[in-house]
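In: Here you go, sequence then predicted model.
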Amino acid sequence: MALSVAVLSACSEQGPEKSVDRLVEVQKFSYQSVSQVIDYPGHVQARYQTELAFQVEGQLFNRLVDVGDFVKKGQPIARLDAKDYVLNSERFLNQIKSAEADLKRAENDLLRAETLRKKNFIGDAELDKALNIEKAARAGLKALKAEHAQSINRRGYTELLAVADGVVTDWFVEVGGVVQAGEVIAEMAWSTDWEFVTALAETDINQISIGQQAQLKFWAYGDKTYAALVREIKPISSTASPSYRVKLSLIDKPDSLKLGMTGHVLFSTVTDKVGLLPTTSLIQKDQASYVFVVDPEAHTAHLQAVTYRQAVGNQMMVDDGLTEGQLVVVAGAHLIADGNKVRLLLNNE
């Protein structure tokens, strides 16, 4: 944040004489923790959003929901024309019946061959042949039953079911359209675990952490605040802008909150080892920043370079340049020059 101060040179050609013994207000400097609130806009989205697709291909026969409809887990969403899948199941069923008859004949033939072999009417070769035919018939029947079970499953896949409680957010294929297996026909957002998504600038991202509590305000609900927790911080910035996506879990929310609603999130942060000084103490000279520090014994004022971060109200946040207990001129700095003797009025704040 830009800090507006009156930029006055303490050493101008027409500045105060070093012999001037002016009264200035001073303050003992100290570093302390400073809390502040950072504010970022964002919107509501569902943590889980699912693309819905059939596992088999076919013609869309029936659409059972519309965009915006709430659905329950397991509720039918759409159906394909299942005629071909029904016929395929029936074909396998007929083949199973035929294979069962073949197996029955093979079992009878094997039983007869075993009886004849015991009486030495046939040799081992004929018995082995009957045994192999029976095994092949049994294996063929097993394979047909497996294919029939798969055909039943494929027939069941012609009905698309909701994977969770939620709301249908989009629809891509209309009735009569032919869809391929895996082709997305709709999208749904789960009704659980909604979250608020924002993006923090790189200058602020290190001031928040996973699990940190924050306050949300939604434009639709005025000044009411709602609690949230930081759930996820993306570890890499966006390619479009130097910002980091942050997701917050909603601890509480308005009953009528809708997906996509916008608002802003408020993070309370604490900055350690920052000294607060009135902006009136700042002197800017030769594109550098200074304050006057007073020697408590000699009562002389000297310029000392400082680095500061930003202003909080009418105070600036000093990061470096001063040590604990130094006397800093906070009022009257523009009336003195480097090396002036001063009289002190101690500010106890």
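Out: Sure thing, it's come through. Everything numeric in this text was worked out from a predicted model, so none of it was measured. Residues are numbered from 1 along each chain as shown.

In: Contacts only, for Gly140.
Out: Ala99, Asp102, Leu103 (Cβ atoms under 8 Å, 6 or more residues apart in numbering). In this view, the C-beta of every residue, glycine as well, is placed from N, C-alpha and C.

In: Read off the pLDDT value for it.
Out: With respect to pLDDT, Gly140 scores 94.

In: Which secondary structure element of the protein has the lowest mean pLDDT?
Out: strand 307-312 (a mean of 76; mean pLDDT, DSSP states H and E).

In: After that one, which helix or strand is next?
Out: strand 315-320 (DSSP states H and E).

In: what is the mean pLDDT for that following strand?
Out: 84.

In: Can you spell out which helices and strands pack onto it?
Out: Contact analysis of strand 315-320 by 3 or more Cβ pairs under 8 Å, 6 or more residues apart in numbering; DSSP states H and E lists strand 262-278, strand 307-312 as its packing neighbours.

In: what's the angle between that strand and strand 307-312?
Out: 160 degrees (axes from the mean of the first three to the mean of the last three Cα atoms, to 10 degrees).

In: still on that earlier bit, which of the helices and strands packed on strand 315-320 comes out lowest on mean pLDDT?
Out: strand 307-312 (a mean of 76).

In: what helices or strands is it leaning on?
Out: strand 262-278, strand 315-320.

In: what angle separates it from strand 262-278?
Out: Using the same axes, to 10 degrees: strand 307-312 against strand 262-278 is 120 degrees.

In: Work out the gap between strand 307-312 and the centre of the chain.
Out: Centre-to-centre, strand 307-312 and its host chain are 31 Å apart (Cα atoms, centre = their mean, to the nearest Å).

In: Paired strands for that strand, with orientation please.
Out: strand 315-320 (antiparallel) (DSSP bridges).

In: residues making contact with the helix or strand following the partner strand?
Out: Using DSSP H and E, the helix or strand that directly follows strand 315-320 along the chain is strand 327-331. Contacts to strand 327-331, defined as Cβ under 8 Å, 6+ apart, come from residues 24-29, 277-278, 280-281, 291-294, 296, 301, 322, 336, 342, 344-345, 347.

In: and if we set it to 7 Å?
Out: Strand 327-331 is contacted from outside by 24-29, 277-278, 280-281, 291-294, 296, 301, 322, 347, using Cβ atoms under 7 Å, 6 or more residues apart in numbering.

In: quick one: strands adjacent to it?
Out: strand 22-28 (antiparallel), strand 288-294 (antiparallel).

In: What helix or strand is Ser151 located in?
Out: Using DSSP H and E, Ser151 falls in helix 124-156.

In: Tell me the buried residues in that helix?
Out: 127, 130, 133-134, 137, 140-141, 144-145, 147-148, 151, 154-155 (16 or more other Cβ atoms under 10 Å).

In: That one: what's the following helix or strand?
Out: Criterion used, DSSP H and E; the element after helix 124-156 is strand 159-161.

In: Report all helices and strands that the helix or strand following that following strand contacts.
Out: Next helix or strand after strand 159-161 toward the C-terminus (DSSP H and E): strand 166-171. If you count contacts as 3 or more Cβ pairs under 7 Å, 6 or more residues apart in numbering; DSSP states H and E, strand 166-171 packs onto strand 70-71, strand 184-190.

In: for the ones you listed, which one ends up most surrounded?
Out: Looking across the helices and strands packed on strand 166-171 with neighbours counted as mean count of other Cβ atoms under 10 Å, the highest average goes to strand 184-190: a mean of 20.

In: helices or strands next to the helix or strand just after it in the packing?
Out: Later in the chain than strand 184-190, the nearest helix or strand by DSSP H and E is strand 194-201. Secondary-structure packing of strand 194-201 (3+ Cβ pairs under 7 Å, 6+ apart): strand 31-46, strand 243-250.

In: Recalculate using a threshold of 10 Å.
Out: strand 31-46, strand 213-218, strand 226-233, strand 243-250, strand 262-278 (3 or more Cβ pairs under 10 Å, 6 or more residues apart in numbering; DSSP states H and E).

In: What's the mean pLDDT across that strand?
Out: 95.

In: so where's this protein shaky on pLDDT?
Out: 1-20, 34, 271-272, 312, 348-349 (pLDDT under 70).

In: which helix of it spans the most residues?
Out: helix 83-118 (DSSP state H).

In: That helix: which residues count as buried?
Out: Neighbour count says helix 83-118 has 84-85, 88-89, 92, 95-96, 99, 102-103, 106, 109-110, 113, 117 buried, by 16+ other Cβ under 10 Å.

In: Reformat the helices and strands packed on strand 166-171 as CSV; add distance to Ala199.
Out: CSV is the format used below for the helices and strands packed on strand 166-171 (distance: least, Cβ to Cβ, whole Å):
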stretch, distance to Ala199
strand 70-71, 30
strand 184-190, 20
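
In: coming back round to it: of all the helices and strands packed on strand 194-201, which lies closest to Glu183?
Out: Of all these, strand 31-46 sits nearest to Glu183, with 22.2 Å by Cβ to Cβ.

In: Can you spell out the domain ranges of this structure, please?
Out: Domain ranges of the chain: 22-34+273-347, 38-48+191-271, 50-80+165-189, 82-157, per automatic domain parsing.

In: closest one to Ala220 among the helices and strands packed on strand 315-320?
Out: When these are compared (using Cβ to Cβ), the closest one is strand 262-278, at 7.9 Å.

In: Contacts only, for the residue nearest to Val184 when sequence neighbours are not counted.
Out: With sequence-adjacent residues excluded and distances taken as Cβ to Cβ, 6 or more residues apart in numbering, Val184 is closest to Glu51, at 4.4 Å. By Cβ atoms under 10 Å, 6 or more residues apart in numbering, the residues touching Glu51 are Asp170, Phe172, Gly182, Glu183, Val184, Ile185, Ala186, Glu187, Met188.
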